[in-house]
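**Student:** Would you be able to build a 3D model of this:
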Amino acid sequence: MTTPLAIENLSMRFGAVTVLPDVSFEVAPGECFGLVGESGSGKSTILLCVSMLLSGWEGRIAIGGRAVRDMSLMERCRSLQMVFQDPYGSLHPRQSVRAALSEPVRIHRLGDVDARLEQVMTDVGLPVSFLDRYPHQLSGGQRQRVAIARALILEPSILLLDEPTSALDVSVQAEILNLLQRLRAEKGFTCLMVSHDLAVVDYMCDRFAVMQHGEITEILPRSAILPNAATHPYARQLIDASIAYENAM
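**Tutor:** Numbering: from 1, shown residues only. Below is the predicted model of the structure:
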């Protein structure tokens, strides 16, 4: 089976600053692969490169063996979608939920718009009546469910998650993580997830890469977190700090 997502020798510069020197990894079919590390380590930049929201990178990124640079915009949108950190900022304040969800269905000519909207609202656990609400009429968790619905309505094979719960109340974070886990089991999509929270990585991800200064220091299985089986000094330090914080809570 072709690897859903392969990143080879990815490098990115902003002016004279190299933010990604040389990054390579693969994500297996149906896997949730995490990217962790301190702020500014290049985690979100990788997602922006994969999605082609940043285009000035070098190297190769392939989805199902096909280079993203060779894909048309329509093909790329059908293959991958992204859920951003701030659900309010990622939704148009003057656009109803119905308008936000129906637009991609119409653009890609996917048939019965109403049926797709009703199904995706059910999938994310929102009443169909919420289709006529606007973002300011929804809670943070409800807005993120709409953002997830918008990402999934095109049935992508890859979902990019950029800290999808960090802007939400603690009480809502678990609901969204449970939703994502259920949807991944039901739909079978592959995930690339950025998080600063190793507890989230432990719950969501099968494997994760620890990043520092734009480089991957180590790739580990989820089972390596609690015993801290990392071998790289920075990875060990990051996991130790996370475990100490969790134990202090």
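**Student:** buried stuff in stretch 123-131?
**Tutor:** By 16 or more other Cβ atoms under 10 Å, the buried positions in stretch 123-131 come out as 123-126, 130-131. (C-beta placed from N, C-alpha, C; glycine too.)
**Student:** Not counting it itself, show me its contacts.
**Tutor:** With contact meaning Cβ atoms under 8 Å, 6 or more residues apart in numbering, stretch 123-131 is reached by 96-98, 101, 117-118, 121-122, 138, 142, 145-146, 148-149, 152, 179, 183, 186.
**Student:** Which residue lies nearest the spatial centre of this structure?
**Tutor:** When Cα atoms, centre = their mean is applied to the chain, the residue found nearest the centroid is L161 (1.3 Å).
**Student:** Pairing partners for the residue nearest to that residue when sequence neighbours are not counted in the sheet, please.
**Tutor:** Leaving aside its sequence neighbours, L161 sits nearest to M193 (Cβ to Cβ, 6 or more residues apart in numbering; 4.1 Å). Note on M193: beta-bridge partners G34, L161, judged by DSSP bridges.
**Student:** in the protein, which segments are predicted with low confidence?
**Tutor:** Residues of the chain meeting the criterion pLDDT under 70: 1-2, 248-249.
**Student:** Not counting the helix of greatest length in the chain itself, show me its contacts.
**Tutor:** The residue-count maximum for a helix in the chain (DSSP state H) belongs to helix 170-187. For helix 170-187, contacts defined as Cβ under 8 Å, 6+ apart pick out 30, 32, 123-125, 139-141, 144-145, 148, 152, 155, 159, 161, 164-165, 168, 189, 191, 200, 203-204.
**Student:** Generate a PyMOL selection restricted to the buried subset of those residues.
**Tutor:** Those of the contacts of helix 170-187 that count as buried under 16+ other Cβ under 10 Å are selected in PyMOL with:
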select buried, resi 32+123+124+125+140+141+144+145+148+152+159+161+164+165+168+189+191+200+203+204
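**Student:** Please write out the alpha-carbon positions of stretch 123-143 in PDB.
**Tutor:** Presented in PDB, the C-alpha positions along stretch 123-143 are these (Å, rounded to 0.1, in the frame of the first residue of the first chain):
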ATOM      1  CA  ASP A 123     -21.100  13.100  12.300                       C
ATOM      2  CA  VAL A 124     -19.700  15.900  14.500                       C
ATOM      3  CA  GLY A 125     -22.500  15.700  17.000                       C
ATOM      4  CA  LEU A 126     -24.300  19.000  16.200                       C
ATOM      5  CA  PRO A 127     -28.100  19.500  15.600                       C
ATOM      6  CA  VAL A 128     -29.100  20.100  12.000                       C
ATOM      7  CA  SER A 129     -30.800  23.300  13.200                       C
ATOM      8  CA  PHE A 130     -27.400  24.800  13.900                       C
ATOM      9  CA  LEU A 131     -26.800  25.100  10.100                       C
ATOM     10  CA  ASP A 132     -28.600  28.400  10.200                       C
ATOM     11  CA  ARG A 133     -26.500  29.800  13.100                       C
ATOM     12  CA  TYR A 134     -23.400  32.100  12.800                       C
ATOM     13  CA  PRO A 135     -20.100  31.600  14.500                       C
ATOM     14  CA  HIS A 136     -20.800  34.200  17.200                       C
ATOM     15  CA  GLN A 137     -23.900  32.200  18.100                       C
ATOM     16  CA  LEU A 138     -21.900  29.100  18.900                       C
ATOM     17  CA  SER A 139     -19.600  28.100  21.800                       C
ATOM     18  CA  GLY A 140     -15.900  27.500  21.200                       C
ATOM     19  CA  GLY A 141     -16.400  23.700  21.200                       C
ATOM     20  CA  GLN A 142     -19.300  24.000  18.800                       C
ATOM     21  CA  ARG A 143     -17.300  26.200  16.400                       C
END
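**Student:** This completes my enquiry, with thanks.
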